[in-house]
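> Need the 3D shape of this:
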Amino acid sequence: MRHMMMVQRELRVIPKGWQHPDHKGLFPAERFPSTPEALAKWCEDYEEPEGPDQASYMPSVAGLAPEQTEIMAYETVSEGGPISPAFPNSPEGRMQLVKWLAENEDIMGQQVDGETWAAILFTDALALSDVHTGAIEIEG
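Here you go, the predicted structure:
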């Protein structure tokens, strides 16, 4: 019997020059309840009378041009923390990011090539890791 675990990594777009606070996970800005309806649902779901603290969310990039933003890879096991430095939000920056990850980051102790990192970050494919061997499988 095989036991597989979802690889919880994602690409996040950040304002150019923004620094993620040290030792603090932040939820992506798009998860912030930005409409009255979404805020009411959040308060109901979390049984809280007040909305969430804006400081617990990353800054929004809404309205920014791609050249005003950068990309980073994040782990998403909880709120999420960065696992890479920022790279330009461009095709070249995407290539630099997957190259950097292939050379500097692992998943459950296994080195992963750039093609696999690209599938994890830039497609809707599901990435699974075998908990016994660490082998990564891409589905979809």
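> I'd say residue 27 and residue 80 touch.
Yes. In this structure residue 27 lies within contact range of residue 80 using CB atoms under 8 Å: 7.2 Å. Backbone N, C-alpha and C define where each C-beta goes, glycine included.
> how about the strands in this protein?
Using DSSP state E, the strands of the chain run over residues 4-6, 9-15, 69-75, 81-82, 87-88, 106-107, 110-111, 126-130, 136-139.
> circling back: between residue 27 and residue 80, which is the more surrounded one?
residue 80 (19 against 15; other CB atoms under 10 Å).
> Now do the same contact list for that one.
By CB atoms under 8 Å, 6 or more residues apart in numbering, residue 80 lies in contact with 10, 12, 25-28, 74.
> Return the closest of the residues you listed with respect to residue 47.
Nearest to residue 47, judged by CB to CB, of the contacts of residue 80 is residue 27 at 18.1 Å.
> Show me the beta-bridge partners of the closest one.
Here residue 27 sits in beta bridges with residue 57, as judged by DSSP bridges.
> Next one, pLDDT for it please.
Per-residue confidence (pLDDT) for residue 27: 77.
> can you give me the helices in this protein?
36-46, 91-104, 114-122 (DSSP state H).
> So residue 88 versus residue 22, what's the distance?
In this view, residue 88 and residue 22 are 23 Å apart by CB to CB, to the nearest Å.
> Look at these two and report which has more neighbours.
residue 88 (16 against 6).
> any idea how far residue 126 is from that one?
The value you get for residue 88 to residue 126, if CB to CB is used, is 27 Å.
> for residue 19, same thing?
31 Å.
> Tell me which of these two has more neighbours.
residue 126 (14 against 8).
> correct me, but the more buried one touches residue 138?
Yes. Assessed by CB under 8 Å, residue 126 is found in contact with residue 138 at 7.4 Å.
> Phi, psi for the closest residue to residue 46 other than its chain neighbours please.
Residue nearest to residue 46 in three dimensions, not counting chain neighbours: residue 52, with 7.8 Å by CB to CB, 6 or more residues apart in numbering. Phi and psi for residue 52, reported as degrees, to the nearest 10, are phi -70, psi 160.
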